[in-house]
Structure formats: structure tokens, C-alpha cells
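Asker: Provided below are the primary sequence and the corresponding predicted coordinates.
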Amino acid sequence: MKTPFMLPCRRWWLMAVVIIEVALILESAMSDPEINLLNKGCSQYNATNLSDFFSNLNATFSGLRNQISSQNKKFATAQQARTSDPVYAMVQCRDYLSVADCVSCLDAAVSQIRNCSAANGARVIYDGCFLRLGLHIHFSHLINFSSLHSLQSMCQIPSFLIIEQGTLKNGNIIAVKKLALSSSRAKADFESEVKLISNVHHRNLIRLLGCSNKGPELLLVYEYMANGSLDRFLYGERRGALNWKQRFEIIFGTARGLAYLHEQFHVCIIHRDIKSSNILLDDDFQPKIADFGLARLLPEDQSHLSTRFAGTLGYTAPEYAIHGQLSEKVDTYSFGVVVLEIISGRKCNEMKVESTEFLLEQAWKLYEDDMHLKLVDDSMNEYREEEVKKVIEIALMCTQSPVSVRPTMSEVVVLLVSERSIELTRPTRPTLIDNDKKIREEATAATGPSTSDATASFTEFTGR
């Protein structure tokens, strides 16, 4: 028998059910996980043990999904590192997404990343979320991304920065590069460096571990190089500490890194700022090229680009410094100058007290007089004279004019490891410019070197 009290209770119960159903329908109608794809990429390297890798991959994705769905997180990290192919991953959703939309965005990103198959690293960027995974990057120790906007347009390196040493939760030491958000240039440099360096992997290129644009500073997190930059060992506080074997290994490793950027990566990358301070040394004095903020991509169908000068005078090829003609041979020229610095222990754009010659000019004159070894750093004692002479000649080949006669960096690598003496056409005289981008005329015995306001033509390029 129904009592008068039961009738209103039943009505209220029915109304509650209707309200809940309407709310669910409205939530479904208003749901928007924002899965417009902005960017995606797969590593060119694959995992070694596929069974372990896919098992770890599935467990890692499951861990991310569980954290977002049950713990109401918008940022989560997960890892499976029990085997030789560990997987680390991180996901971040925009703050305004609902839990359901965040999960949906993650699911869509996971589906995209699975298209990379066994690639040991991948990333997917949607409007609403960002997912990244890797075999070696422990994202739970990295800096949290506070905004996805700066990662969407990823497209150039500044002098307005600070490099600091930091320590992760697991005790690993890192280098943190801070860029002040004082200009649009800083943000553009940040975005360019992240875009380029996160996709290149080589033993002689610095490895990017993470980044952040939270707060007033932009942060780039790199692997830590215990010995700092090469310039410290050539003309800084550690001058004289490198023997010839170490110097040669630095030269060879740098050449190999550049050859990868120019010819072995899927698109040609021109660094534009190769110099001793941008070459870092690890515990074993192995070199790693750093600072990709000025790097540019060279399309396959173009021999060069015409662009405004950016870089460091003294290391910069004349055709680029004067006319803005940029090709990979600009890096080749800079490499040649760095090699001369490594051999001489002298800074390229400083004149010796007893002369008015820059380093490249002095090296060329000593070569012409067959007095190569007068260039060698006084602090370097034991070395094979013929080997050092060969390397000096290779450096001069890299600085030749016109551009077309400079070797490619892969050719430089072969020349460096060749046991026989190089029997090639004599290098042609480089075009010498001073700090005002004026061409330095050849010196005369009576008057010494002079400068000219004349400009030379550097239009001889070869297709790649």
C-alpha cells in the first residue's frame, strides 16, 4: 500500500534521474577534447627488444591514463624501466579541459604515436594536449610544461642567456639554459632550438632533455658537459691542458657532427654559429656541438639561401657576412677556423701583439712559406709533424674561396682519417675580412695589410 509520503518521494526520485540524464547529454554535447593535430614526429631509431618495448609502452600509456582519469591530473608522467628498452612518457592537457576531454585527447595522441611503431621516441601535439615518450628521457625529473602554445609554432640563439648547473631528483646533473623573455627574439630563438635539437640524435651533438616556458624565463634543459666549452682549453683558464691526441679527436668529432647535420639528417641543417665556445666537451673530452638557436634548414632544391647575417665575425664565411649567401659551406668555413684555433691555441679574431694579422691570415702565409708548424700551440709538445701539417691544410681547404671548392664535411671526415698524405690541389687563398666586414687586401712588405671597401662576388654555388 502506497502512503501519501511515498508519492512525493517517487516524484523527486524521477526528477533526479531526469536531471542527471539531461546533464550527461549536455556534457556529451559540450565535450571538446581539442584534437586538432598541430605537430607529430617519430624518432629515426628503433627499440632493440620489440617484445619488451611494446610491453613497457602499453604499461606506460596505461599509467598515464589512470593518473588523468582517477587522480584528476592535467600533467602526468609514467615509466616502465625494467628491461633493456625502458619507456618514459609525459602528457599534459590544457587546464580548462575536463577530465573526460583530457582522457579523450590522450587516447587520440596514443593512437597517433602507435603509428611510429617501434620508434624509441615520439611526440604528438594537439590543441588540447601534448604527449611525448622516449627510451632515455626521464620526464618525471624534467621541468613541467606550463603552456603548449610555444610548442605549437616551433620555429631561432641569443646572447642574452645564462647557463646554470642543476641536479635532477635522481641525482643526475644537467645544464639549464635560461633566456630572458625580454624580446620576441628570445622566444623565437627558444622555439627554433627546441624544434631542431629535439629531432637530431648524434654522439657529437648536444642532447636536449626538456624545456619550459613557465614564468619570466625560457628554459632549455641539456645533458651536462663536465669540461665545459672548448674555448676554455684553447685560450681560457685551462689553456695548455689538451694534448694532440685529444685535439685531433675534438676536430674529428666536430667534423662528424657537422657531416650528420648537413648530409645524414633527413634535411640539411646549417648551424650558422660554429665556434669554439659552441663546442662542449664531456668527461672524456669528446666534443658535442651546441647552440642551435641560429640554425636554418636548407631545402633540397636550393644550393643556398639569401638571408640577413647572424653569427660571429671571425668564424663567419665572407660570402655570408658580406652578401648574406648562406649554404652548408658556411659551417665548413667556420669549422676550418675552429681547427686553426685548436692547433694554435689562439683566438681567431684577435691580432698578435707583434703583427696585424688575424689567425687565418697568419696560417695562410705560414702555409705558403711551408712553415706550417710555426702555427702550433707552444704548450703542445708531442705530435706527429706530418699529421699536424695535413690537418692545417685541411683547415685551409675549408676556408677557401670560392665556395664551390670547399670540401663537404663528409669529405673532411674521410680526409682526416686517411692514413696517406693528402695529394690534392693546393688550397686557394681565402678571402679575408676584418671585424667591420671589409675585405683585407694582401699585405705588402712596406705597408702591411690594408682594408678595402670593395666587395667581392661569391655567387659560385653548386647544387646539393
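Answerer: Yep, it's here. Remember, predicted model here, so these are calculated numbers, not experimental data. Residues are numbered from 1 along each chain as shown.
Asker: least trustworthy helix or strand in this protein by mean pLDDT?
Answerer: Among the secondary structure pieces of the chain, namely its helices and strands, helix 149-152 has the lowest mean (mean pLDDT, DSSP states H and E), a mean of 29.
Asker: For the stretch 351-464 of the chain, just list every one of the helices.
Answerer: Taking DSSP state H, counting those that start in this stretch as the test, the helices found in the stretch 351-464 of the chain are 359-368, 385-398, 409-417.
Asker: Looking at those, which is nearest to Val338?
Answerer: helix 385-398 (8.3 Å; Cβ to Cβ). C-betas here are computed from N, CA, C, even on glycine.
Asker: what comes up buried for that closest one?
Answerer: Within helix 385-398, the residues that qualify as buried by neighbour count (16 or more other Cβ atoms under 10 Å) are 388-398.
Asker: same for it, what does it pack against?
Answerer: If you count contacts as 3 or more Cβ pairs under 8 Å, 6 or more residues apart in numbering; DSSP states H and E, helix 385-398 packs onto helix 244-259, helix 329-344, helix 359-368, helix 409-417.
Asker: Of those helices, which is nearest Asp107?
Answerer: Each of the helices and strands packed on helix 385-398 was checked against Asp107 via Cβ to Cβ, and the shortest separation belongs to helix 244-259, namely 38.6 Å.
Asker: sec struct for Lys177, please.
Answerer: Using DSSP: H, G, I helix; E, B strand; the rest coil, the secondary structure recorded for Lys177 is strand.
Asker: re earlier: wait, which of the helices of the stretch 351-464 of the chain is closest to Ser111?
Answerer: Between Ser111 and these, the shortest separation by Cβ to Cβ is 38.8 Å, and it involves helix 409-417.
Asker: okay, the angle between that closest one and helix 244-259?
Answerer: 160 degrees (axes from the mean of the first three to the mean of the last three Cα atoms, to 10 degrees).
Asker: Could you give me the buried positions within helix 409-417?
Answerer: Residues of helix 409-417 classed as buried: 409-413, 415-416 (neighbour count, 16+ other Cβ under 10 Å).
Asker: what's the answer for stretch 254-270, then?
Answerer: Under 16+ other Cβ under 10 Å, the buried positions of stretch 254-270 are 254-262, 265, 268-270.
Asker: From start to finish, how long is stretch 409-427 in a straight line?
Answerer: When the termini of stretch 409-427 are compared using Cα to Cα, to the nearest Å, they are 16 Å apart.
Asker: Mean neighbour count, the helices and strands packed on helix 385-398: which tops it?
Answerer: Compared across the helices and strands packed on helix 385-398, helix 329-344 shows the largest average neighbour count, a mean of 26 (mean count of other Cβ atoms under 10 Å).
Asker: which other helices and strands contact that one?
Answerer: Packing partners of helix 329-344 (3+ Cβ pairs under 8 Å, 6+ apart): helix 231-235, helix 244-259, helix 359-368, helix 385-398, helix 409-417.
Asker: Only C-alpha atoms, please: export that helix in CSV.
Answerer: The C-alpha atoms that make up helix 329-344 are tabulated as CSV, following Å, rounded to 0.1, in the frame of the first residue of the first chain:
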residue,chain,number,x,y,z
LYS,A,329,79.7,25.6,-46.8
VAL,A,330,79.4,28.5,-44.3
ASP,A,331,79.7,25.9,-41.5
THR,A,332,82.6,24.3,-43.4
TYR,A,333,84.4,27.6,-43.3
SER,A,334,83.7,28.1,-39.6
PHE,A,335,85.0,24.6,-38.9
GLY,A,336,88.2,25.4,-40.7
VAL,A,337,88.7,28.4,-38.5
VAL,A,338,88.0,26.4,-35.3
VAL,A,339,90.6,23.8,-36.4
LEU,A,340,93.2,26.5,-36.7
GLU,A,341,92.3,27.7,-33.2
ILE,A,342,92.6,24.2,-31.8
ILE,A,343,96.1,23.8,-33.3
SER,A,344,97.4,27.3,-32.5
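Asker: follow-up on the earlier one: please tabulate the buried residues of helix 409-417 in a markdown table, including the columns pLDDT.
Answerer: Formatted as a markdown table, the entries for the buried residues of helix 409-417 read as follows, by pLDDT from 0 to 100:
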| residue | pLDDT |
| --- | --- |
| Met409 | 97 |
| Ser410 | 95 |
| Glu411 | 95 |
| Val412 | 96 |
| Val413 | 96 |
| Leu415 | 93 |
| Leu416 | 94 |
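Asker: ok, the residues you listed vs Val176, which is closest?
Answerer: When the buried residues of helix 409-417 are compared against Val176 (criterion: Cβ to Cβ), the nearest one is Met409, at 30.0 Å.
Asker: is it true that that closest one touches Phe265?
Answerer: No - when contacts are counted by Cβ atoms under 8 Å, Met409 is not listed as touching Phe265 (11.9 Å).
Asker: Is Val267 in contact with Ala295, as I believe?
Answerer: No - using Cβ under 8 Å, Val267 makes no contact with Ala295, being 11.1 Å away.
Asker: what comes up buried for stretch 222-236?
Answerer: For stretch 222-236, the neighbour count (16+ other Cβ under 10 Å) marks 222-225, 227-235 as buried.
Asker: quick one: the strands in the stretch 201-350 of the chain?
Answerer: Using DSSP state E, counting those that start in this stretch, the strands found in the stretch 201-350 of the chain span residues 208-212, 217-223, 268-270, 279-281, 287-289, 296-298, 305-306, 325-326.
Asker: Any idea which of those strands has the lowest pLDDT on average?
Answerer: Out of the strands of the stretch 201-350 of the chain, strand 305-306 stands lowest, with a mean of 62 (criterion: mean pLDDT).
Asker: Where does pLDDT dip in the stretch 1-150 of the chain?
Answerer: Residues of the stretch 1-150 of the chain that meet the criterion pLDDT under 70 lie in 1-31, 81-84, 134-150.
Asker: 50 - rerun?
Answerer: Confidence mapping of the stretch 1-150 of the chain against pLDDT under 50 gives the ranges 22-29, 136-150.
Asker: how about the helices of it, start to end?
Answerer: 6-30, 50-71, 99-113, 149-152.
Asker: ok, Leu281 - contacts?
Answerer: 225-230, 233, 250, 287-288 (Cβ atoms under 8 Å, 6 or more residues apart in numbering).
Asker: In contact with the residue nearest to Ala290 when sequence neighbours are not counted, which residues are there?
Answerer: Nearest residue to Ala290 in three dimensions, chain neighbours excluded: Ile206, at 4.2 Å (Cβ to Cβ, 6 or more residues apart in numbering). Contacts for Ile206 (Cβ under 8 Å, 6+ apart) come out as 197, 222-223, 225, 280, 288-290.
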